[in-house]
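A.B. asks: Next input, structure requested:
(2 chains)
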Amino acid sequence: MVTIKGLREGLLINFGEGLWLSQLRELESKLQSNPRFFRGGRVTLNVHRLTLSPDDIRRAQTLLNQHGVTLQAVLAQDIHTVTNVIELGLPTRLSEAEAPRDSSAPGRPAKDAQALPDSTPRMPRQSQIRSTSHNSSVGADAGIAQDASRAIGQVEGSDGLLVRRRVRSGQVLRHPGHIVVLGDVNPGSQLIAGGDIVVWGKLHGSVHAGALGDTGATICALEFAPSLIRIADATRASRPGEKRTKPARPEMALIEDHEIMIVGWQAR
Amino acid sequence: MESVVITITSGKGGVGKTTCAANIGSALGMLGKRVVLIDGDIGLRNLDIVMGLENRIVYDAVDFIEGRCRLKQALIRDKRAPELYLMPTAQTRDKSAINADQMVRLCDEMRGDFDYIIIDSPAGIEQGFHTCLAPANRCLVVTNPEVSSVRDADRVIGLIEAAEKGPAQLVINRIVAARVKRQEMLSTDDITEVLSTEIIGVVPEDENILIASNRGHPIVMNGKSPAALAFQDIARRITGEDIPLQPLRASGSILQRLFGRA
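C.D. replies: Numbers count the residues shown, from 1 in each chain, chains lettered A, B, ... in the order given. Predicted structure coming up:
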């Protein structure tokens, strides 16, 4: 049984006790059915107690590469597997900050499992922030960044990624569960979620909810102006020709009759 | 005092990084600080021209790093300030000539001898930028008040944060108050709304800058022009002085203002 989790650095793919080749086939079908979710991503494999030959590992690497995914590390408990991974020149663990939490202690909030962007913004140290009185939004962002530096990201056992900062141009957040951003999502950035996407701020980037096939996924934002909207396999360009009125109202995108609809937010 | 390494960069090219580096460095020098300007744009050497020191280059940073000269031989003294130096770069090499470790070492060699080490970084997100970012204690990102420049600044600010060199500070260059007023140009507020990055200075468009750069005489050195004053303010803010940002005034001559031209 293959499961996928979000990590501070890319995705973590967990392998169970079954046969390696059949689990690889399972992974392959996941890669094939959700190409947009995986393409361009970086993954770490956790093979637990499986004993793998160099060929076994290479097979996984080739499979991932074929789908545009980079294998960045292989975590293993079996000593032979570890040796083989090292011989292939791959890391056998994530750095301290990126380490997945021990799954034997579920429920405790993960300290540093904030899933992370492919072009990973770690949070800046705050020592150099100057306080400016002329513009309040500068100060506000400093506060957000400070919160994020505590890196409270993802809670093990839940399936969401909470990001407390602005997502900037060129940054990609990829997570198999839901993505919640407390802050603005700037033009030129990308959010890719297996589940829903909620932006408590302005959404100007490109978004893909239900990227693992869930057509029931939704996207909502306080100011909804993404450059490109995808839900599952449906795509919709930004609303052409529509004048943005201020103040913006919260809106939500969802699939109705196989098409992406954008509706004003209404409590349900 | 330990040196502060300030990397001046941008996402987009042509926004005025080199002008900013030359003027901010000169202004700090004129405040009596010990300053060295490093030209980090290997292969596209410019800073020496803007500083008017082109004819005095014998050795450059690449020569020093590759062991062909001593540090003092590569440094060019600018006599227009008490202690202002230029470390030129090679024109005949490319970005691979200096890697990040070597740039850190170069700065380490000079730490202690200078108050400010200012690196004029290449634009963009490629290797040359990362090389210049490596030794930075502070980063200034230069942007023009237009959408594509701000978009690229956003990208670079993200990379600076990712490299744990943040928070970056923003220099808004070439702003024209009259055009902002007519909503032809982004205002400082528009830019802050997207970048939420502290603004360390707003430099008005000034036609004298082009002349000054061509003559190799940074505008800050002879000036009461609005751009010169803006660069002096940036330098003083860098030293820790609390100088509020000036509200934008329509720049240019009275006639220009009357006729609404920028």
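
A.B. asks: neighbours around A:Gly160, how many?
C.D. replies: Neighbour count for A:Gly160, taken as other Cβ atoms under 10 Å in any protein chain shown: 18. Every C-beta, even on glycine, is put in place using the N, C-alpha and C of the backbone.

A.B. asks: Based on its surroundings, how many neighbours for the residue of the stretch 1-150 of chain B at minimum distance from chain A?
C.D. replies: Closest to chain A within the stretch 1-150 of chain B is B:Arg138: 6.2 Å, counting by Cβ to the nearest Cβ. Here the count is done by other Cβ under 10 Å, and B:Arg138 has 20 residues near it.

A.B. asks: Now for B:Asp41: which residues touch it?
C.D. replies: Residues near B:Asp41 by Cβ atoms under 8 Å, 6 or more residues apart in numbering or on different chains: B:18, B:47, B:89, B:120-122, B:128.

A.B. asks: Is A:Val185 bridged to anything, and to what?
C.D. replies: For A:Val185, the beta-bridge partners are A:Val167, A:Leu203 (DSSP bridges).

A.B. asks: How about the one 5 residues further on?
C.D. replies: As for beta bridges, A:Gln190 partners with A:Val172, A:Ser206 under DSSP bridges.

A.B. asks: ok, it touching A:His175?
C.D. replies: No - using Cβ atoms under 8 Å as the test, A:Gln190 is too far from A:His175 to be in contact (11.9 Å).

A.B. asks: So between the two, which is more surrounded?
C.D. replies: The neighbour count for A:Gln190 versus A:His175, taken as other Cβ under 10 Å, is higher for A:His175 (31 against 22).

A.B. asks: For the chain, just list every one of the helices.
C.D. replies: As the question left the chain open, I've gone with chain A. A:20-33, A:35-38, A:54-66, A:79-87, A:136-149 (DSSP state H).

A.B. asks: my question was about chain B
C.D. replies: Remark: helices assigned in chain B by DSSP H are B:17-30, B:47-51, B:61-65, B:71-74, B:100-110, B:127-133, B:147-162, B:177-181, B:188-195, B:207-215, B:226-238, B:254-258.

A.B. asks: Put together a markdown table for these, with mean neighbour count on each row.
C.D. replies: Output for the helices of chain B, formatted as a markdown table (neighbours: other Cβ atoms under 10 Å in any protein chain shown):
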| stretch | mean neighbour count |
| --- | --- |
| helix B:17-30 | 28 |
| helix B:47-51 | 24 |
| helix B:61-65 | 21 |
| helix B:71-74 | 15 |
| helix B:100-110 | 17 |
| helix B:127-133 | 22 |
| helix B:147-162 | 23 |
| helix B:177-181 | 18 |
| helix B:188-195 | 19 |
| helix B:207-215 | 16 |
| helix B:226-238 | 22 |
| helix B:254-258 | 10 |
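
A.B. asks: isn't A:Leu11 right up against A:Gly40?
C.D. replies: No - with contact defined as Cβ under 8 Å, A:Leu11 does not reach A:Gly40; the gap is 11.3 Å.

A.B. asks: okay, these two: which has more neighbours?
C.D. replies: A:Leu11 (23 against 14).

A.B. asks: Just give the number of residues close to whatever residue of the stretch 151-262 of chain B ends up closest to chain A.
C.D. replies: Relative to chain A, the nearest point of the stretch 151-262 of chain B is B:Gly166 (3.1 Å; Cβ to the nearest Cβ). For B:Gly166, the number of neighbouring residues by other Cβ under 10 Å comes to 25.

A.B. asks: ok, the nearest residue to the residue of the stretch 1-150 of chain B closest to chain A once chain neighbours are set aside - contacts?
C.D. replies: Excluding its sequence neighbours, the residue lying closest to B:Arg138 (Cβ to Cβ, 6 or more residues apart in numbering or on different chains) is B:Ile6, at 4.8 Å. Going by Cβ under 8 Å, 6+ apart, B:Ile6 touches B:24, B:116-119, B:136-140, B:238.

A.B. asks: Which per-residue confidence value corresponds to B:Ile6?
C.D. replies: For B:Ile6, the model assigns a pLDDT of 98.

A.B. asks: how many neighbours does B:Asp242 have?
C.D. replies: For B:Asp242, the count of nearby residues is 10 (other Cβ under 10 Å).

A.B. asks: again, but for B:Leu248
C.D. replies: B:Leu248, neighbours per other Cβ under 10 Å, totals 17.

A.B. asks: Could you do A:Gly41 as well?
C.D. replies: By other Cβ under 10 Å, the residues close to A:Gly41 number 18.
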